[in-house]
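**Student:** here is a sequence with its predicted model. Questions after.
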Amino acid sequence: RRGGPANHLDPVDIVECEENKPLHFKATVAVRPQLELGNFKGIPAERRVREVPDREVDEILEGMRKRAAEWVDAPDHPAEHGDRVIGKLTARVEGKIPEDGREREVNAILGRNQIQPPIDSELEGIRAGETRTFPVKYPDDFDEESLAGKAAEFEVAIESVQVEQLPALDDELPQRIRDQRKKALEEFLRYLAEQRGEDAGAAAAAGESDTPQEPGDSDEQTDGDESEPPDQGSESGEAKEGSSGEQQDVLDGVNTLADLRERLRKRLVERNRLISNEEVEEEVVAIAVGRVNVPVPQPMLERELDSQIESLQRRVTARGIDFDDYLTMTGQKSEDLREQLKPEAERHLRQLMVLDAIATAENLTATQAEIDQRVAQMAEALRVDPAEFRKHLEEGDTLEGVERSILRQKATELLLANAEIEEALLPAEVS
């Protein structure tokens, strides 16, 4: 039987190989089981779409207001939790000012423990122009070993107490948020220019035309996982379809508070619809897989586990953590991790084999244009040159994984198109 990536055959064992003699060999191969699909159409499922409560829109609006807030001086205001205090701090350690004990600048928000060791409670109630002296003890595990465990005395002179002033919930709010974004961008560019020794004014002016998406304005959150090229040893051997284009700025075309509320609600409705689509897709595919007896060949499972562990190792290493240290921190051994991953790996492989069988049974194909488009999307998601990325896939013999990914997507779409899906609108309070 012809070997190669499509058949996922194990390496050949050479039995006899002598010069000028016929080559004799034996091969032990792991082949996929032939699946009896049965009827995979007409699967019943329910698409549950959640309504968007006013509370959720209000929470996002409040977050946007806080990011557009300004800090204003409050001369006679006693500092409270959440207020900003600005001043200078002098430390005396065991009765002496350390050799490097020059005054430290204080610019902290009370309640966030931004000064170490924490002294927020000592500064509550202080006013601008006041000075307080109080004892502190450095913790035994303090980062600076020369101070760890020692007693000290802090003298804090407060020059200013500031309170956070949120913009009003009115029709001026969208423009105030735009102004705050511009100001924050200019300050950031000015800071970068100062660090590089460049013209700070020119750098700030260069950013005037930029309108960055404010962090947190989007109702969708990401988990931070890095995108990766397909794993060469993985059974799945595929990458998620990249997104094309960036999401529209939430403030584009928004001029009033009512416009902003409507835009936020629309985003949340779209998010809930995407979530419900993903849920019903998982449900339909899971039912289809559950109707088929899918034995998982052990070599295929071992290869998938190898791939998953290698992928995890790359992600951990990318964060600057040695993988052995990671296992120690999580209280695991490599064999424990492998055993922990096994159920999900088996579930994943069963799903892939069923989707592949459906694609074959329905004569699904992937055109060259579809493959090219998917490669371009993957390159965009990874922020790499499309031509170089394609070359990487070809050299790694993983371009076939892109085709399989498209066929599996089409098989999933076929299952959904032929499923009997009922719509259900869930009240806002149902999670």
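**Tutor:** On my side now, so go ahead. Numbers count the residues shown, from 1 in each chain.

**Student:** helices along this structure, start to end?
**Tutor:** Using DSSP state H, the helices of the chain run over 54-67, 120-123, 173-196, 200-206, 257-290, 298-318, 323-329, 334-361, 368-382, 386-395, 399-417.

**Student:** could you name the helices and strands sitting against the longest one?
**Tutor:** In this structure, helix 257-290 makes packing contacts with strand 44-50, helix 54-67, helix 173-196, helix 334-361, helix 399-417, judged by 3 or more C-beta pairs under 8 Å, 6 or more residues apart in numbering; DSSP states H and E. Yep, even glycine has a C-beta here, placed from its N, CA and C like the rest.

**Student:** so can I have CSV of those showing mean neighbour count?
**Tutor:** Conversion of the helices and strands packed on helix 257-290 to CSV gives the following (neighbours: other C-beta atoms under 10 Å):
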stretch, mean neighbour count
strand 44-50, 17
helix 54-67, 15
helix 173-196, 16
helix 334-361, 17
helix 399-417, 19
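
**Student:** need these in JSON lines (columns: mean pLDDT and distance to residue 298).
**Tutor:** Rendered in JSON lines, the data for the helices and strands packed on helix 257-290 read as follows (pLDDT from 0 to 100; distance: least, C-beta to C-beta, whole Å):
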{"stretch": "strand 44-50", "mean pLDDT": "93", "distance to residue 298": "33"}
{"stretch": "helix 54-67", "mean pLDDT": "93", "distance to residue 298": "47"}
{"stretch": "helix 173-196", "mean pLDDT": "88", "distance to residue 298": "54"}
{"stretch": "helix 334-361", "mean pLDDT": "94", "distance to residue 298": "11"}
{"stretch": "helix 399-417", "mean pLDDT": "95", "distance to residue 298": "21"}
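
**Student:** the strands in the stretch 1-150 of the chain, which residues?
**Tutor:** Counting by DSSP state E, counting those that start in this stretch, the stretch 1-150 of the chain forms strands over residues 13-16, 24-26, 44-50, 70-73, 84-93, 104-109, 131-137, given from the N-terminal end onward.

**Student:** out of those, which gets the lowest mean score?
**Tutor:** Lowest mean pLDDT of the strands of the stretch 1-150 of the chain: strand 13-16, a mean of 56.

**Student:** for this protein, what's the longest strand?
**Tutor:** If each strand of the chain is counted by residues according to DSSP state E, the longest one is strand 151-165.

**Student:** so which of the helices of the chain is nearest residue 163?
**Tutor:** Distances from residue 163 to each of those were compared using C-beta to C-beta; the minimum, 13.0 Å, belongs to helix 54-67.

**Student:** quick one: the closest one to helix 257-290, angle?
**Tutor:** Here helix 54-67 runs at 120 degrees with respect to helix 257-290, directions being taken by axes from the mean of the first three to the mean of the last three C-alpha atoms, to 10 degrees.

**Student:** please export the C-alpha coordinates of helix 54-67 as CSV.
**Tutor:** In CSV, the C-alpha atoms belonging to helix 54-67 read as follows (Å, rounded to 0.1, in the frame of the first residue of the first chain):
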residue,chain,number,x,y,z
ASP,A,54,-29.3,46.9,29.8
ARG,A,55,-27.0,46.2,32.7
GLU,A,56,-24.3,44.9,30.3
VAL,A,57,-24.4,48.0,28.1
ASP,A,58,-24.2,50.2,31.2
GLU,A,59,-21.2,48.3,32.5
ILE,A,60,-19.3,48.9,29.2
LEU,A,61,-20.3,52.5,29.2
GLU,A,62,-19.1,52.9,32.8
GLY,A,63,-15.7,51.4,31.8
MET,A,64,-15.4,53.8,28.9
ARG,A,65,-16.2,56.7,31.2
LYS,A,66,-13.5,55.6,33.6
ARG,A,67,-10.9,55.5,30.9
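
**Student:** change the start of the numbering to 16 and stick with it
**Tutor:** Got it, the first residue is 16 from now on, which makes the last one we talked about helix 69-82.

**Student:** how far out from the middle of the chain is it?
**Tutor:** Relative to the centre of its chain, helix 69-82 is centred 22 Å away, using C-alpha atoms, centre = their mean, to the nearest Å.

**Student:** who does it touch, helix- and strand-wise?
**Tutor:** Based on contacts counted as 3+ C-beta pairs under 8 Å, 6+ apart, the elements that helix 69-82 packs against are helix 188-211, helix 272-305.

**Student:** would you turn these into a markdown table with distance to residue 421?
**Tutor:** What follows is the helices and strands packed on helix 69-82, written out as a markdown table (distance: least, C-beta to C-beta, whole Å):
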| stretch | distance to residue 421 |
| --- | --- |
| helix 188-211 | 39 |
| helix 272-305 | 16 |
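
**Student:** out of those, nearest to residue 61?
**Tutor:** Nearest to residue 61 among the helices and strands packed on helix 69-82 is helix 272-305 (7.1 Å), distances taken as C-beta to C-beta.

**Student:** quick one: mean pLDDT for the closest one?
**Tutor:** Regarding helix 272-305, the rounded mean pLDDT is 95.

**Student:** same check, this time on stretch 398-405
**Tutor:** Per-region confidence: stretch 398-405 scores 90 on mean pLDDT.

**Student:** tell me the buried residues in it?
**Tutor:** Residues of stretch 398-405 classed as buried under the neighbour-count rule (16 or more other C-beta atoms under 10 Å) are 404, 405.

**Student:** what does that stretch contact?
**Tutor:** The list of residues contacting stretch 398-405 from outside it, by C-beta atoms under 8 Å, 6 or more residues apart in numbering, reads 244, 390, 391, 393, 394, 395, 397, 414.

**Student:** mind redoing it with 7 Å?
**Tutor:** When contacts are defined by C-beta atoms under 7 Å, 6 or more residues apart in numbering, stretch 398-405 is touched by residues 390, 391, 393, 394, 397.

**Student:** now the first one, nearest residue through space, not along the chain?
**Tutor:** If the residues on either side of it in the chain are set aside, residue 390 comes closest to residue 405, at 5.3 Å by C-beta to C-beta, 6 or more residues apart in numbering.
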